[in-house]
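Peer 1: Give the three-dimensional model of this entry:
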Amino acid sequence: MSLVPYWLRHLRNLAYRDPIARALEDPFSAFAKDPFFRDPVKFIRQVTAPIDEHHGIEGIYSDSEIKVDGKKVEVHMDVQNYTPDQIQVKTIGNEILVEGKKEIKREDGWTRGHFERRFLLPEGFPPERVECHLDKGKLKLIAFRSEPIEERNVPIQDKSSSDERAK
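Peer 2: Next up is the predicted model:
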């Protein structure tokens, strides 16, 4: 009886465990893990996208949920599967916590749902000035600025006339 089949099987198993041998067998397997080669258009869009302006609220999954201006910050959430008594909104320090819990008893068992979202308020927006409204399954959190930003005129300095005088 020959030992050649045993040694060939052993070498094949060794090749599956060794990453270098695997790369030599299938050189394109390394490209399958690279995000550029998986979806080059998406990768280029992500790399060349402008850096988004940081609005000061963290924990947001979508920019369409936030409206920021100088006077207030609005956060919109879809909570249509929850009733007002299943939703709880709290302020803890400089943070807003929105939590929803529901349990539905059915013939074949229980169905439970739970979500928790936390938002960090930007500076100048105290937690005491946060309001919450629920309308047609949409929860709207509004944080107002503690002091309104005063409008002021900025004087324009004409540099061209002073440059001509210096000559």
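
Peer 1: residues near Leu121, how many?
Peer 2: 21 (other CB atoms under 10 Å). Where you see a C-beta, it was placed from the backbone N, CA and C, and this is true even at glycine.

Peer 1: Which residue lies closest in space to it, excluding its sequence neighbours?
Peer 2: Spatial nearest neighbour of Leu121, chain neighbours left out: Asn94 (5.1 Å); criterion: CB to CB, 6 or more residues apart in numbering.

Peer 1: The one you found contacts Gly124, doesn't it?
Peer 2: No: contact criterion CB atoms under 8 Å: Asn94 and Gly124 do not qualify, at 10.7 Å.

Peer 1: residue ranges with poor pLDDT in this structure?
Peer 2: Applying pLDDT under 70 to the chain flags the ranges 1-3, 5-31, 33, 49-64, 148-149, 161-167.

Peer 1: for it, what spans make up the helices?
Peer 2: 4-17, 19-25, 29-33, 35-38, 40-48, 159-166 (DSSP state H).

Peer 1: Please verify my assumption that Ala32 contacts Arg38.
Peer 2: Yes: counting by CB under 8 Å, Ala32 does reach Arg38; the two are 7.0 Å apart.

Peer 1: I'd like to know the beta-bridge partner residues of the closest residue to Gln88 other than its chain neighbours.
Peer 2: Excluding the flanking residues, the one nearest Gln88 by CB to CB, 6+ apart is Glu99, at 4.9 Å. Beta-bridge partners of Glu99, counted by DSSP bridges, are Gln88, Glu116.

Peer 1: Number of residues surrounding Gly100?
Peer 2: Neighbours around Gly100, by other CB under 10 Å: 19.

Peer 1: residues of stretch 71-79 that come out buried?
Peer 2: By 16 or more other CB atoms under 10 Å, the buried positions in stretch 71-79 come out as Val73, Val75, Met77, Val79.

Peer 1: Return the member of those nearest to Gln88.
Peer 2: Val79 (11.3 Å; CB to CB).

Peer 1: which residues touch the closest one?
Peer 2: Val79 is in contact with Ile87, Gly100, Leu134, Gly137, Lys138, Leu139, counting by CB atoms under 8 Å, 6 or more residues apart in numbering.

Peer 1: and the gap between Gly109 and Asp39?
Peer 2: 40 Å (CB to CB, to the nearest Å).

Peer 1: Have a look at the two and say which one is more surrounded.
Peer 2: Shown here are Gly109 and Asp39; by other CB under 10 Å, Asp39 has more neighbours (11 against 8).

Peer 1: May I have the phi/psi pair for that one?
Peer 2: Main-chain torsions, Asp39, degrees, to the nearest 10: phi -150, psi 90.
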